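could you work out the structure for the sequence below:
(chains A and B)
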Amino acid sequence: MTQKEYNKAIDDYSDNIFRFAMKHLRNEMSAKDIVQETFMKVWVKHEEVQYSKVKSYLFTTAYHAIIDWSKKDKRSGDIDQAPESTTNQTLQFDMNEVLTDALSKLNEIQKTVVLLRDYEGYSYSEIAEITELSESQVKVYIFRARKALKEYIKRLDLVI
Amino acid sequence: MERISIFNYEAFYLDFLEGNLSEEDHALFLLFLEENPELKVVDEDLPALELEQPFMDDTFKNSLKQPLLSDKITNLNYEYFLISQAEGLLSEEKENEIDSFIAGNSELEKEKTLINSTYFSPEEKFVYLEKNSLKRKRAIILWPYYAVAASIMLAMLLWNFNRNDILENENVKFVEKDPVNPEIVKEVPGTDAKDNLQFAEKSFEEKTNVLTTKESVGSTAPTNKPNITDKINNNLSPRGPSANLISLENQKVEPIHIYPPDPNELVSEENNQDLASLEFSDMNNPIKPVTNFVGDKIKRTVDFRLKKKEAGKPSGFFLKIGKLEISRKRN
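Numbering: from 1, shown residues only, chains lettered A, B, ... in the order given. Next comes the predicted model:
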């Protein structure tokens, strides 16, 4: 990958990495750090990385950076600790916020596979490549994550 | 000593509860309990150990299996099919089957709605604004360009200076045979080479008459011969006094010698003794194309040599433009 292609990758994918990190970390400063760290690491290897594979490489690097960050600062919650529904919460219904809150309760790997699937539209095999899991493991994590998210929403009684 | 006592009865008691005692020991232990009723343990005192059944929900189990597209949809596995449908993994046939399975069942339809609502869409509000700080900029090394530009400018400046000097002093030369008497020197203000040429030619023709004394220059007496002062004054240049001094008194002004270009001036690098005298024979010219170009333009030798400091050898530079030579040696 040339310097020009590297700069193009920043234009094309930095927003995606930033969103990915923001959803994981829920902290703008930390998300920016992840973006910076990710591109710095990719720049070091830019001569070895093909531009056609750079997006996958960026997400792999970002994923590892997020995992490292999470190990240092444990923030994953417990999906079972979802608050019980109240009238006010129902009135202030915002599915996106609820989902974001539910997502934060998932463990890192579940968050990662769901975000890669929903935000970037990656296939199971592509997610497996990024996360260095098997395809069937990715599938299991996604199914478990969907079920957990569904249970979280159900517990809040946010019936559409 | 009896076989079962208050010191060892616990071991027998455990075996008794688990049914591991022999008939003889069993009879002996029952006899021991009758003799020591306070040691008898009621059932409530025993910890209730329940064997936990490992629980794994069907969705998780099904997700571990290979695709179950051929499986029949039941109340135990419908959730798996709902998620598979949302993930786009089902065939059209299986989608119709799951749709018909949940049709009319509000609970299942609600489940389907909940599963479909667990999908995220990219939030465009999250934009990374510091892209430019991440980009790599190409480093441009400018100093060689600056060095070449400065060299050319220096060369042109010196060439221009040298050219003026040539026009004024080289093409027309007056040979002074006698020392100049400062008492009678008349300063001829700045004239250019052409004026000097005309003036010198006339002076040569007039020979003896052109010389005037200090007194005659200042005299106002009319004369038939042209006054040299007038000639001089007519030749005054608006540029004002110059450094050129021409002795008008007791001078023999000879015809002009117009020197052709000195062939020795265009010396080759091999014959350049200046380099050797400076002991810079191993000096390099880092801007040889530039010096060659400038040399061709001004029809003069232009040379620039540079020597970096080495062990036991001095550093320095050598610059030659025509007759001008500048060098510096640093130990």
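
burial check on residue 123, number of neighbours?
If you meant another chain, say so; for now it's chain A. Using other C-beta atoms under 10 Å in any protein chain shown, residue A:123 has 12 neighbouring residues. The C-beta positions use only the backbone N, C-alpha and C, and glycine is treated the same way.

was after chain B, sorry
If you count neighbours by other C-beta under 10 Å, residue B:123 ends up with 13.

now it: closest residue in space, sequence neighbours ignored.
residue A:19 (6.4 Å; C-beta to C-beta, 6 or more residues apart in numbering or on different chains).

could you give me the buried positions within stretch B:97-117?
For stretch B:97-117, the buried set under the neighbour-count rule, 16 or more other C-beta atoms under 10 Å in any protein chain shown, comprises B:97-98, B:101-102, B:108, B:111-112, B:114-115, B:117.

need the pLDDT of residue B:115.
With respect to pLDDT, residue B:115 has a value of 90.

next structured bit after the helix or strand where it lies?
When elements are assigned from DSSP states H and E, residue B:115 belongs to helix B:106-116. Once the chain leaves helix B:106-116, the next helix or strand it forms, by DSSP H and E, is helix B:131-134.

that following helix packs against which elements?
helix A:3-25, helix A:28-44 (3 or more C-beta pairs under 8 Å, 6 or more residues apart in numbering or on different chains; DSSP states H and E).

first vs last residue of stretch B:135-151, how far apart are they?
According to C-alpha to C-alpha, to the nearest Å, stretch B:135-151 extends 35 Å from its N-terminal end residue to its C-terminal end residue.

show me the shaky parts of the chain.
Using chain A. A:73-93, A:157-160 (pLDDT under 70).

my bad, chain B
For chain B, the stretches flagged by pLDDT under 70 are B:1-2, B:43-70, B:139-140, B:161-281, B:312, B:330-331.

contact residues of it facing chain A?
B:57, B:59-60, B:63-64, B:79-80, B:83, B:86-87, B:110-111, B:113-115, B:117-123, B:126-128, B:130-131, B:134-136, B:138 (C-beta under 8 Å from any C-beta of the partner chain).

any of the residues you listed buried? List them.
B:59, B:63, B:79-80, B:83, B:86-87, B:111, B:114-115, B:117-118, B:120, B:122, B:126, B:128, B:131, B:134-135.

burial measure for residue A:9, as a count.
Other residues near residue A:9 number 24, with proximity taken as other C-beta under 10 Å.

just give the nearest non-adjacent residue to it, would you?
With C-beta to C-beta, 6+ apart as the measure, residue A:54 is the residue that lies nearest to residue A:9, at 4.9 Å, once sequence neighbours are left out.

quick check: angle from the one helix or strand that neighbour maps to to helix A:3-25?
Of the helices and strands defined by DSSP H and E, residue A:54 is found in helix A:54-72. With axes from the mean of the first three to the mean of the last three C-alpha atoms, to 10 degrees as the basis, helix A:54-72 and helix A:3-25 are set at 40 degrees to each other.

dump helix A:54-72 to CSV, restricted to CA.
Taking only C-alpha atoms (Å, rounded to 0.1, in the frame of the first residue of the first chain), the coordinates of helix A:54-72 have been written out as CSV:
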residue,chain,number,x,y,z
VAL,A,54,-6.7,-2.7,4.4
LYS,A,55,-10.2,-2.4,5.7
SER,A,56,-10.1,-5.8,7.2
TYR,A,57,-6.6,-5.1,8.5
LEU,A,58,-7.8,-1.9,10.1
PHE,A,59,-10.7,-3.6,11.9
THR,A,60,-8.5,-6.4,13.1
THR,A,61,-6.0,-3.9,14.5
ALA,A,62,-8.7,-1.8,16.0
TYR,A,63,-10.4,-4.9,17.5
HIS,A,64,-7.1,-5.9,19.3
ALA,A,65,-6.6,-2.4,20.5
ILE,A,66,-10.1,-2.3,21.9
ILE,A,67,-9.6,-5.7,23.6
ASP,A,68,-6.3,-4.4,25.2
TRP,A,69,-8.0,-1.2,26.2
SER,A,70,-10.9,-3.2,27.8
LYS,A,71,-8.5,-5.4,29.7
LYS,A,72,-7.0,-2.3,31.3
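
who touches that helix?
Defining contact as C-beta atoms under 8 Å, 6 or more residues apart in numbering or on different chains, one finds that helix A:54-72 is touched by A:1, A:5-6, A:9, A:12-13, A:16-17, A:20-21, A:24-25, A:30, A:33-35, A:37-39, A:41-42, A:45, A:49, A:76, A:108, A:112, A:116, A:120, A:126, A:129-132.

narrow these to those that are buried.
Once neighbours are counted (16+ other C-beta under 10 Å), the buried part of the contacts of helix A:54-72 comes down to A:1, A:5-6, A:9, A:13, A:16-17, A:20-21, A:24-25, A:30, A:34-35, A:37-39, A:41-42, A:49, A:108, A:112, A:116, A:120, A:126, A:129-131.

if we can go back for a sec, what comes up buried for the helix holding residue A:54?
In helix A:54-72, counting by 16+ other C-beta under 10 Å, buried: A:54-66, A:69-70.

check those and tell me the two furthest apart.
A:54 and A:70 (24.0 Å; C-beta to C-beta).

doesn't residue B:14 fall inside a helix?
Yes: secondary structure of residue B:14 (DSSP: H, G, I helix; E, B strand; the rest coil): part of a helix.

and the gap between it and chain A?
From residue B:14 across to chain A, the span is 39 Å (C-beta to the nearest C-beta, to the nearest Å).

touching chain B at all, stretch A:132-143?
Yes: counting by C-beta under 8 Å from any C-beta, contacts between stretch A:132-143 and chain B involve A:136, A:139-140, A:142-143.

just those: which are in helices?
Counted as lying in helices by DSSP state H, out of the residues of stretch A:132-143 next to chain B, are A:136, A:139-140, A:142-143.

for residue B:306, give me its contacts.
Neighbouring residues of residue B:306 by C-beta under 8 Å, 6+ apart: B:283-286, B:317.

you'd agree the residue nearest to residue B:123 is up against residue B:125?
No: using C-beta atoms under 8 Å, residue A:19 makes no contact with residue B:125, being 9.1 Å away.

these two: which has the busier surroundings?
Between residue A:19 and residue B:125, residue A:19 has the larger neighbour count (other C-beta under 10 Å), namely 23 against 7.

for the more buried one, give me its contacts.
With contact set as C-beta under 8 Å, 6+ apart, residue A:19 has these partners: A:119, B:122-123, B:126.

tell me the one of these nearest residue B:313?
Taking C-beta to C-beta as the measure, residue B:313 lies nearest residue B:126 of the contacts of residue A:19, at 63.9 Å.
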